Every structure is written in C-alpha cells, then in structure tokens.
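Chemist: requesting a structural model of the entry that follows:
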Amino acid sequence: MLIGFDPYTGTRGRFKAPELVDLVSDAGYEAMNLIATEDFLPPDDEELLQRTEERLATCGLSVPTFYFTRDDLVLLPGAQAEVRTWGAKMLELADRFNAPKIGVGTWALPQGVSKDAQLQALANTLLILCDAAADAGRVVSVEFETKGALTDCFSARDFVLGLDDRCRLTADTYHMFTAGTDLCKGLVALEGLLGEVHLSGSHRGEPGSEGDACDWDGLMTGLREIGYEGPLVLQYTVQELDSLARACEFARNLAGG
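Modeler: Next up, the predicted model:
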C-alpha cells in the first residue's frame with residue numbers, strides 16, 4: 001500500500017506546500033495530498049504551484065487526493081453554481097498534479113439549515129462533482145466525520161449507495177473510533193466503496209503513540225478482507241516534526257513493510 005501524508009493541524013498554515021513536500025519526502029513518505037487553501041497552496045499563485053510541482057517531481061511523490069477545499073459550499077442549499085465553478089477549478093488542479101481523486105469533507109455545517117436540507121445539498125454537490133470528475137477521468141471520495149453531515153460509515157454507505165455508484169468514501173480512524181465503530185466490521189461494510197484511508201490516533205495525535213486506543217490489527221484485518229489496495233494516508237495533529245518519520249514507519253509496518 002502507498003504511504004501518504006495529509007496536510008493537517010501542525011503542518012498546514014506552518015509550511016507552504018513545497019516546503020512540506022520536502023519534509024514529507026525526508027520522512028519516508030511516497031505521497032502527499034494537496035488542498036488549495038491560502039495558507040498552504042493558493043490556487044492562483046502560479047509561482048507556488050510550479051514550485052510544488054517541481055518539488056513533487058524531484059522527490060518522487062504522487063498526489064492521491066486533491067481536495068475540493070470549499071467545504072463551506074458542500075452542505076449549503078442553493079450553492080450549485082458555485083460548486084460547479086469551484087469544482088471545475090479543482091479538477092483542473094487535480095489534472096495538473098495527476099491526482100486521481102477529489103476529496104470532499106462534510107464537517108462545515110451551515111447555521112440555520114436543517115439536517116434534511118444539508119443532506120439534500122450534499123446530494124446535489126456530490127452529483128455535480130461526480131459527473132464532472134467522471135468526465136475528467138477522476139472519482140470523488142467523501143469523508144464521513146463524527147460531527148459532520150455523514151457521521152459514521154454505515155449511514156455514509158447507505159447515502160452514497162442511494163445516490164451515485166461512482167462516489168467513494170474516505171474512512172478516518174479517528175472518526176470511526178469516535179463514532180464507536182468496530183474498525184474491522186466498519187471497513188468490511190465499505191467493500192467496493194473505499195476511496196482512501198486516513199490514519200490518526202484515537203486522540204487525534206500520532207498513531208501508535210501513548211494513549212492511542214485504535215484497534216490497528218482490526219483495521220488491517222478489515223482492509224485485507226475487502227482487498228483494499230489504496231493509500232494509507234497519515235492525517236493527525238503534528239506536535240513535533242520528528243513524529244512524521246515515526247508515523248510513516250508505523251503505517252509501513254501496518255502495511256507489512
């Protein structure tokens with residue numbers, strides 16, 4: 001399995017994308033996700049985009065997922081036009097960085113909008129993005145998040161199965177743990193739907209560190225049962241940069257070396 005890193009708390013906002021590519025490469029990773037935020041990789045900063053391309057090529061890192069980024073639009077009723085416009089821009093960047101997936105989060109709950117309206121807006125967003133991504137030879141992978149619109153793997157599975165069979169799901173060990181989901185059973189339930197797996201400790205810190213209660217054996221048993229061959233992507237709160245290499249080695253050991 002490919003071992004990747006996802007820019008998150010402790011790195012994004014601290015390093016721009018090209019600098020993080022170097023740190024991640026030095027720590028032993030094979031891939032790094034990208035997100036087009038002003039503090040990391042502004043989508044209109046051509047100089048930074050070029051430098052990021054150059055560093056990725058030099059370091060030999062691939063980009064499994066390019067994020068939709070504008071999560072504030074995902075659950076917002078009436079935002080279809082903005083979703084189309086921004087989605088087209090993100091697909092251009094995904095093509096530029098050869099990222100096979102567009103990542104979508106469901107955490108940005110709009111105030112004053114009912115759950116039913118949020119889910120209908122999510123359905124509209126995903127249908128728009130799935131159509132556009134398919135035309136561009138890419139797929140959409142939506143993450144279920146404990147405090148988001150899709151809170152657990154089972155409701156997320158039912159939602160995408162009833163919506164579009166091209167949609168995939170991103171499973172994060174922190175959110176699965178927080179939802180009280182058995183990692184093995186939950187991942188087996190996602191057979192055929194799993195686009196990406198994020199690794200984080202149960203405390204949102206370095207996986208495998210003190211206090212982490214995730215069932216890592218169960219995780220790998222579930223992934224092997226469904227024949228998952230996609231990336232294992234580290235997404236956790238980085239408190240010390242030395243943890244990057246430790247977390248990479250942890251994931252590599254999980255994957256069997």
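Chemist: just the pLDDT at the nearest residue to Ser62 once chain neighbours are set aside, thanks.
Modeler: Spatial nearest neighbour of Ser62, chain neighbours left out: Ala31 (4.6 Å); criterion: CB to CB, 6 or more residues apart in numbering. (Glycine included, C-beta is placed from N, CA and C.) Here the pLDDT value assigned to Ala31 is 98.
Chemist: count of neighbours near Ala31?
Modeler: Residues contacting Ala31 under the criterion other CB atoms under 10 Å number 22.
Chemist: give me the phi and psi for the residue nearest to Val238 when sequence neighbours are not counted.
Modeler: Of all residues not flanking Val238 in the chain, Gly10 sits nearest, at 3.1 Å (CB to CB, 6+ apart). When read as degrees, to the nearest 10, the backbone of Gly10 gives phi 100, psi -20.
Chemist: return the residue of this structure that is most distant from the centre.
Modeler: Distance from the C-alpha centroid of the chain peaks at Gly112, with 26.9 Å (CA atoms, centre = their mean).
Chemist: what about it, which helix or strand?
Modeler: For Gly112, there is no helix or strand it lies in under DSSP states H and E.
Chemist: and it, how far from Ala179?
Modeler: 25 Å (CB to CB, to the nearest Å).
Chemist: in this protein, mark out all the helices, start to finish.
Modeler: Counting by DSSP state H, the chain has these helices, from start to end: 17-26, 46-59, 71-74, 80-96, 115-135, 153-161, 173-178, 183-189, 216-225, 243-254.
Chemist: where does Gly257 land on pLDDT?
Modeler: On the pLDDT scale, Gly257 is placed at 60.
Chemist: circling back: so which of the helices of the chain gets nearest Trp107?
Modeler: When the helices of the chain are compared by CB to CB, helix 71-74 sits nearest Trp107, at 6.3 Å.
Chemist: how about the CA coordinates for the closest one, as PDB?
Modeler: Output of helix 71-74 as PDB, limited to C-alpha atoms (Å, rounded to 0.1, in the frame of the first residue of the first chain):
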ATOM      1  CA  ASP A  71     -16.300  22.700   2.300                       C
ATOM      2  CA  ASP A  72     -18.500  25.700   3.200                       C
ATOM      3  CA  LEU A  73     -20.300  25.100  -0.100                       C
ATOM      4  CA  VAL A  74     -20.800  21.300   0.300                       C
END
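Chemist: list the buried residues of it.
Modeler: Under the neighbour-count criterion of 16 or more other CB atoms under 10 Å, helix 71-74 has Asp71, Leu73, Val74 buried.
Chemist: and for stretch 156-176?
Modeler: 156-157, 159-160, 163, 167-176.
Chemist: how far away from the center of its chain is stretch 13-30?
Modeler: Centre-to-centre, stretch 13-30 and its host chain are 17 Å apart (CA atoms, centre = their mean, to the nearest Å).
Chemist: show the end-to-end separation of it, please.
Modeler: The separation between the terminal residues of stretch 13-30, taken as CA to CA, to the nearest Å, is 22 Å.
Chemist: need the residues that contact that stretch.
Modeler: 2-5, 7, 11-12, 32, 34, 39-41, 48, 51-52, 54-56, 59-62, 234, 241, 244-245, 247-249, 252 (CB atoms under 8 Å, 6 or more residues apart in numbering).
Chemist: OK, contacts around Lys147?
Modeler: Trp107, Leu109.
Chemist: how much space between it and Ala179?
Modeler: Distance from Lys147 to Ala179, by CB to CB: 10 Å.
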